[in-house]
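> Quick one, fold the following:
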Amino acid sequence: MPVLVITGTGTEVGKTVTTAAVAAAALAAGRSVAVLKAAQTGVRPDERGDADEVARLAGAVTAAELARYPEPLAPATAARRAGLAPVRPYQVAEAAQKLAAEHDLVLVEGAGGLLVRFDETGGTLADAAALLGAPVLVVAPAGLGTLNATELTARELRCRQVELLGVVIGSWPAAPDLAMRCNLTDLPEVAGAPLLGALPAGAGALSPAAFRAAAPGWLAPRLAGTWEAQAFRTREAA
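Residues are numbered from 1 along each chain as shown. Below is the predicted model:
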């Protein structure tokens, strides 16, 4: 798995912190890691972007960004309003392939959900994943409403014959409600793919040292971690 594409079921679901956790676990396992942010929106030229945040939390990763647009909008809309060139799926694929030639693992982080448009022709992260032949990791919220969004994302990936590696819950609270606890069982069923981790709420606020030490414990062995879905379900149901 030289390239892994990471998407969310929507915005603000913990995608960047999850990307950082996957990077930290891979680094701890001795792999070299690059992080590619396909399109960064809502950030000024002098501000830190998502790839920079991944590097801050995870450690010695190569951070790359293809384009940056100032307004917090879908990349295609943000590019149009800024009068800047859009990012196209083939550019994402080419950049990821170049990084993969020099790193053991390349993490490609999208913007928002799977079908957020990158350009005026409707190109998306799903198109980039298909060009790469890379699996996709879906980051989903814990609570009510996540099943529908996760299943729609999984169905779209299957329609495109893109592998869904699994689902990670981007923010798991200290006191989960009934819907959240039930979703631990239902999410892998609706996704047709395993639950591969759950990050504790507030993980991104940890110090980098604490984050790196804890990250493998939030992710399953498929992502170079030690987390076990069934043990987590049993503990959280108690």
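> where along this structure do the strands fall?
Under the criterion DSSP state E, the chain contains strands at 3-8, 33-37, 40-41, 62-65, 68-69, 105-113, 136-140, 164-172, 195-200.
> Could you dump those into a markdown table with distance to Ala24 added?
Just so you know, the C-beta spots here come from the backbone N, C-alpha and C atoms, and that holds for glycine as well. Converted to a markdown table, these look like this (distance: least, CB to CB, whole Å):
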| stretch | distance to Ala24 |
| --- | --- |
| strand 3-8 | 14 |
| strand 33-37 | 9 |
| strand 40-41 | 21 |
| strand 62-65 | 14 |
| strand 68-69 | 24 |
| strand 105-113 | 11 |
| strand 136-140 | 15 |
| strand 164-172 | 13 |
| strand 195-200 | 11 |
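> So which of those strands is the most surrounded?
Burial of these is given as mean neighbour count (mean count of other CB atoms under 10 Å); strand 136-140 ranks first at a mean of 28.
> Can you check what angle separates that one from strand 164-172?
Using axes from the mean of the first three to the mean of the last three CA atoms, to 10 degrees, the direction of strand 136-140 lies 30 degrees away from that of strand 164-172.
> picking that back up, format the strands of the chain as a markdown table; extra columns: mean pLDDT and distance to Leu223.
Output for the strands of the chain, formatted as a markdown table (pLDDT from 0 to 100; distance: least, CB to CB, whole Å):
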| stretch | mean pLDDT | distance to Leu223 |
| --- | --- | --- |
| strand 3-8 | 98 | 9 |
| strand 33-37 | 98 | 12 |
| strand 40-41 | 94 | 24 |
| strand 62-65 | 96 | 19 |
| strand 68-69 | 94 | 28 |
| strand 105-113 | 95 | 10 |
| strand 136-140 | 98 | 8 |
| strand 164-172 | 98 | 8 |
| strand 195-200 | 98 | 6 |
